[in-house]
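J.: fold the following for me, if possible:
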Amino acid sequence: MNKKLFSLFVLIALVLALLPGAVVAAPVTAGGEVYTIQADDWLSKLAEKNYGDPTAFRAIVYYNNLKAKDDTKLTKIDNPELVELGQTIYLPTAAEAQEFMAGKVDFATAAGMQPVKIVLWTKEGLADGSLQFVQGLANAYTAVHPNVTFDVVNKDVEVLREDFLTAGLAGNMPDLLWTVNDHAGPFTDAQLIQPVDDLFDLTQYVDSALAAVKLQGKTWGVPIANGNHLMLLYNKKLVPTPPTDTNELLTMGKALTTGAQYGLVYNQTEPFWMVPWLGGFKGQVFAADGVTPTLNTPEMVATLKFLYDIKYTTPIIPAESDYNGADTLFKEGKAAMIINGDWSLGGYKDAGLDFGVARIPKVSATGEWPHPYTSGVYFMLPASLDAAKMDVVKDFIGFVTNSKNQAFMIARLRRLPALKAALKEPVLTSDPLLSGSADQMVVGVPMPTVSQMRCNWDAMKPEMQAVLAKSKSPEDAAAAMQPAAEACIAKLK
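T.: Got it, this is the predicted structure:
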């Protein structure tokens with residue numbers, strides 16, 4: 001593992017355990033010296049060596065940065081995990097460290113900094129460690145900016161949406177949201193969040209992540225993570241090299257479909273698995289306005305015909321398979337390939353499968369890659385954000401989404417980053433499963449968040465199933481989808 005990244009793991013784990021007013025143990029050595037960073041140094045290690053308390057790294061950051069303002073030989077610490085070999089820093093005296101850790105430092109007076117408190121609402125929870133991750137980043141930021149503190153509040157996704165809408169009416173909104181792209185629609189409709197186009201350099205983020213929060217020609221969130229997309233997973237014992245296009249998929253799948261074994265499996269019951277192929281045939285479910293269904297099209301007909309063909313004309317899939325059925329066949333080694341989501345990687349690893357990840361094969365007839373839907377996690381800024389807090393909020397967002405912290409998220413949460421540069425981080429590129437997932441993600445498209453999309457799903461599902469049951473032709477199914485979606489949308493108005 002990269003030494004700097006390991007250092008960040010140690011740092012975040014330590015700051016998670018910090019309690020206000022903690023007092024250091026008896027000092028081991030006197031500090032108060034200029035020190036040059038050596039190989040394998042990190043701040044918590046230096047704090048434990050010099051003060052007997054690894055969490056006293058915060059005192060090193062604070063006093064070093066105070067002195068660095070007047071001493072150009074010292075290196076200002078902008079991020080506790082970014083100390084590098086050869087940097088010169090100040091190690092405070094034991095008395096200074098103890099004073100700091102005892103909470104006796106008046107930051108506003110000593111450093112000319114005004115105290116700032118940021119209330120952050122997040123949808124992250126305890127079960128998968130994601131809430132601890134958010135709190136850890138907040139604590140790490142406070143270590144560098146001791147005048148800034150955070151009140152991190154966890155709310156379930158739907159509760160966060162409802163509470164934020166209510167808070168907007170009451171004029172009591174938080175300072176920052178860490179939430180899902182689905183919330184951009186209702187929050188912009190209520191005029192409760194502000195666009196971020198003029199606040200950040202958005203070119204550094206993955207295009208599909210940005211597109212998921214674009215409404216009315218503006219961008220309404222800064223992406224943190226991206227993904228939740230479908231991709232091709234293949235059993236390496238059966239498929240040494242995955243197919244790159246549908247011609248190869250059919251040839252390979254036909255050879256691998258024998259007896260109780262299938263070349264390919266996927267969830268045949270849900271249109272979420274059909275939509276990537278629709279993109280590969282250059283189709284979309286909405287017109288350019290993003291709300292008018294476009295389901296009765298030649299592209300939809302071609303998509304339905306392709307799914308019919310791989311089931312009947314050149315059979316490479318089972319007669320029936322829902323999500324659990326496809327998943328079980330792949331885990332049992334009875335399916336050479338499966339189309340499934342990034343959420344399934346852990347389960348297949350736990351099952352002991354030797355498998356790889358690749359893009360869903362390119363559609364040979366069009367030369368287009370299929371475009372699975374993606375969704376993500378975002379920072380959103382309340383419209384009422386206090387101007388005095390804006391600089392801190394912007395800086396914190398930059399801190400969380402810098403390349404190193406994105407790498408930490410990859411390792412800690414197994415999520416794909418939204419920062420383009422982080423896609424090149426060793427923690428991702430050295431993991432063939434994550435790098436394969438990332439490669440698929442970049443040709444994904446954001447899942448529409450408008451309410452009309454539910455009508456499209458409901459219109460597509462029965463007609464797709466009818467084609468796969470041989471009870472309707474692709475042409476008749478596509479023709480039936482359109483009025484069903486339109487009738488549903490009319491009821492929304």
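J.: thought residue 292 was touching residue 286?
T.: Yes - here residue 292 reaches residue 286: they are 6.2 Å apart, a contact under C-beta atoms under 8 Å. C-beta here means a position set from N, CA and C on the backbone, and glycine is covered the same way.
J.: looking at those two, which one has more neighbours?
T.: Counting neighbours by other C-beta atoms under 10 Å for residue 292 and for residue 286 shows that residue 286 has the greater number, 17 against 13.
J.: partner residues bridging the more buried one?
T.: Going by DSSP bridges, residue 286 is paired in beta bridges with residue 293.
J.: measure it to residue 294 for me?
T.: 6 Å (C-beta to C-beta, to the nearest Å).
J.: joint contacts of residue 292 and residue 286?
T.: Overlap of the contact sets of residue 292 and residue 286 (by C-beta atoms under 8 Å, 6 or more residues apart in numbering) is empty.
J.: so in this structure, which helix runs the longest?
T.: helix 474-492 (DSSP state H).
J.: and the pLDDT at the residue most central in space within the chain?
T.: In the chain, the residue lying closest to the centroid (C-alpha atoms, centre = their mean) is residue 225, at 1.9 Å. pLDDT for residue 225: 92.
J.: assumed residue 339 was part of a helix.
T.: No - counting by DSSP: H, G, I helix; E, B strand; the rest coil, residue 339 falls outside a helix, being strand.
J.: contact partners for it?
T.: Residue 339 touches 230-233, 264-266, 273, 276, 360, counting by C-beta under 8 Å, 6+ apart.
J.: and residue 221, how many neighbours?
T.: 28.
J.: excluding chain neighbours, what is closest to it?
T.: Distances taken as C-beta to C-beta, 6 or more residues apart in numbering place residue 378 nearest to residue 221, at 3.4 Å, with adjacent residues excluded.
J.: partner residues bridging the residue nearest to the centre of the chain?
T.: With DSSP bridges as the criterion, residue 225 is bridged to residue 377, residue 417.
J.: wait, isn't it in contact with residue 419?
T.: No - using C-beta under 8 Å, residue 225 is not in contact with residue 419, being 9.7 Å away.
J.: going along the chain, name the helices of the stretch 251-400 of the chain.
T.: 275-280, 298-308, 323-331, 345-350, 387-400 (DSSP state H, counting those that start in this stretch).
J.: please identify the most buried of the ones you listed.
T.: Comparing these by mean neighbour count (mean count of other C-beta atoms under 10 Å), helix 275-280 comes out on top with a mean of 25.
J.: so residue 321 sits against residue 265, correct?
T.: Yes - between residue 321 and residue 265 there is a contact under C-beta under 8 Å: 5.4 Å.
J.: so what sits against both of those two?
T.: residue 329.
J.: part of a strand, is residue 159?
T.: No - read with three-state DSSP, residue 159 is helix and lies in no strand.
J.: for it, give its distance to residue 196.
T.: According to C-beta to C-beta, residue 159 stands 24 Å off from residue 196.
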